[in-house]
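Novice: return atomic coordinates for the entry below.
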Amino acid sequence: GRVVELATNCYGCHVLQKVLDCEEDIRLLIVSELLLGDPSQTLMNKHASHIWSKIMELMWTPPAPPIFAYVNKSLKGKWALLACHETGSLVVQHSLENFEAEAKDGIVDELINNGPAVFAEVAKNQWGSYCVQHILEHGSEAHRAQTLQHLLDGLLDFATSEQGAKSVTKVGGKATLDRIVERMCEAANG
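Specialist: Numbering: from 1, shown residues only. Modelled structure (predicted):
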């Protein structure tokens, strides 16, 4: 009955984090109550986001409850917004680190496949740039390649943005750096 209230309170969130160390059936009750309403309410709360981060790191007895499938479904179309939010960004980063590849696909697709404007908004955002960096570190080969292509396509824009530059400098490997240098050496259009 009071899980959301505790999760969104600066002191209550510490109590819930401790309770998440208990038996699995108690953890499941907490998660169920967090999922009852609109998960984005707690995912973007500066206190409750710590609860979600802990939940994402928990191990469950197989078959694991479909927590992440439910979160993914409820946040469909909102992942880019979440990535650009101070605490929501942490949740996206934890998702990219801890979710199975299939669960990550929907999240990453929303960040990199909704057009250049959405990608640029995330990549140049104070919090979203960390999510782009996480894709470069934890994404599939295809996702890393798509992210790199976006960065190359808008290289001047990203390289001259405080946050975008962090993503550009995060790419690694000689072949990748060679592609960036090639792009930098291309003649300007117009």
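Novice: would you mind measuring from Trp79 to Pro63?
Specialist: Trp79 is 25 Å from Pro63, where distance means Cβ to Cβ, to the nearest Å. No exception for glycine: its C-beta is placed from N, CA and C like everyone else's.
Novice: which secondary structure element contains the residue most central in space within the chain?
Specialist: In the chain, the centroid-proximal residue (Cα atoms, centre = their mean) is Val92; its distance is 1.9 Å. Per DSSP states H and E, Val92 falls inside helix 86-98.
Novice: quick one: buried residues of that helix?
Specialist: Applying a neighbour-count criterion of 16 or more other Cβ atoms under 10 Å, one finds 87-96, 98 buried in helix 86-98.
Novice: ok, now stretch 162-169?
Specialist: The neighbour-count check on stretch 162-169 (16+ other Cβ under 10 Å) flags 163-164, 166-168 as buried.
Novice: likewise for stretch 129-139?
Specialist: Neighbour-count burial for stretch 129-139, counted by 16+ other Cβ under 10 Å, picks out 129-136, 138-139.
Novice: which residues touch it?
Specialist: 83, 89, 92-93, 96-97, 104, 108, 111-112, 119, 122-123, 143-144, 147-148, 163-164, 166-167, 170-171 (Cβ atoms under 8 Å, 6 or more residues apart in numbering).
Novice: whatever helix or strand Met56 lives in - what's its average pLDDT?
Specialist: Assessed by DSSP H and E, Met56 sits inside helix 48-57. For helix 48-57, the mean per-residue pLDDT is 86.
Novice: chain center to it: distance?
Specialist: Centroid separation for helix 48-57 versus its chain: 13 Å, with Cα atoms, centre = their mean, to the nearest Å.
Novice: and what of stretch 140-150?
Specialist: 15 Å.
Novice: go on, stretch 40-55?
Specialist: In this view, stretch 40-55 has its centroid 13 Å away from the chain centroid, taken as Cα atoms, centre = their mean.
Novice: and what of stretch 22-42?
Specialist: Distance of stretch 22-42 from the chain centroid (Cα atoms, centre = their mean) equals 20 Å.
Novice: equivalent analysis for stretch 13-24, please.
Specialist: Distance of stretch 13-24 from the chain centroid (Cα atoms, centre = their mean) equals 23 Å.
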